[in-house]
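In: What would the 3D arrangement of this be:
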Amino acid sequence: MARTFDDARRWTALGTGLVLRAAGGLDDTAYAGPSTLPGWSRAHVAAHVAANAEALSRLVHWAATGEPTPMYASPEERAAGIARGRALPADGLTAWLRESAGALEAGMDALGEEQWRTPVVTAQGRTVPATEVPWMRAREVCVHAVDLASGVSFADLPDDFLAALCDDVVAKRSAAPGGPAVALGLPSGGAGWELPGDGEAALVTAELPALAAYLTGRDAGPPAADGTPAPALGPWL
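Out: Okay, here's the model as predicted:
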């Protein structure tokens, strides 16, 4: 089933709550600890999520005013924002996370139906209607809530979000040549996903949280049907 705009708004609210819950009890020492992302501390992840809210708020401004407002001035500016954020004390970083999320939500609430149809440009250079902004944010907050490694897992995310996430990741991976061929299925059967690639597809079967973790590169994945390790996947975004 295709995701809807209302789904994305609902998932954004849910993911924001999970991120704020995961970050709420972190002090300076905990923020300095490792996230699930190689080379990134929890502070890196929190700063990235906060900076993402501000970047998406620029797209909301674009939709509201018609004034082209890029998410980031440059990749360097994006990286510098994360670096500044991770150096904040714990209370300052958590406040930035909360306030930037609130400002984005308020901005989205203020958009009218016609404004939501405004074409905007993502950080990857794709031109999309502003209605894609809630999905972009839902993806960020839900996945990075897990990356904070502070009590949230993919099993805490709703099945409809996980299915939409798998759809999105498979589409992006399928558009990039050179990856392994993988057929992904659920133990209950029914619909699954296929990653095109060279050779015979490895069959990987698992519940939705495990498939989402594998597809997004957060887990090595369950063994393939023949008992061999699941094929290693490259970067997703």
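
In: ok, longest strand in this structure?
Out: strand 198-205 (DSSP state E).

In: gap between it and the chain center?
Out: 25 Å (Cα atoms, centre = their mean, to the nearest Å).

In: for stretch 229-236, same thing?
Out: Distance, centroid of stretch 229-236 to centroid of chain: 18 Å (Cα atoms, centre = their mean).

In: For it, which residues meet the burial criterion?
Out: For stretch 229-236, the buried set under the neighbour-count rule, 16 or more other Cβ atoms under 10 Å, comprises 230-231, 233. Where C-beta positions appear, they are placed from N, C-alpha and C, glycine not excepted.

In: Stretch 198-206 now?
Out: 201-202, 204-206.

In: Let me have those residues in JSON lines, adding pLDDT as columns.
Out: Shown next, in JSON lines, are the buried residues of stretch 198-206 (pLDDT from 0 to 100):
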{"residue": "201", "pLDDT": "93"}
{"residue": "202", "pLDDT": "94"}
{"residue": "204", "pLDDT": "95"}
{"residue": "205", "pLDDT": "95"}
{"residue": "206", "pLDDT": "95"}
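
In: Only alpha carbons, please: show stretch 63-71 as PDB.
Out: C-alpha atoms of stretch 63-71 as PDB (Å, rounded to 0.1, in the frame of the first residue of the first chain):
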ATOM      1  CA  ALA A  63       6.700  26.500  -0.200                       C
ATOM      2  CA  ALA A  64       5.200  29.200   1.900                       C
ATOM      3  CA  THR A  65       6.700  32.200   0.100                       C
ATOM      4  CA  GLY A  66       7.800  30.900  -3.300                       C
ATOM      5  CA  GLU A  67      11.300  32.200  -2.500                       C
ATOM      6  CA  PRO A  68      13.900  29.500  -3.500                       C
ATOM      7  CA  THR A  69      15.600  28.500  -0.200                       C
ATOM      8  CA  PRO A  70      18.000  25.500  -0.500                       C
ATOM      9  CA  MET A  71      18.300  23.100   2.400                       C
END
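
In: Having no further points to raise, I will conclude here.
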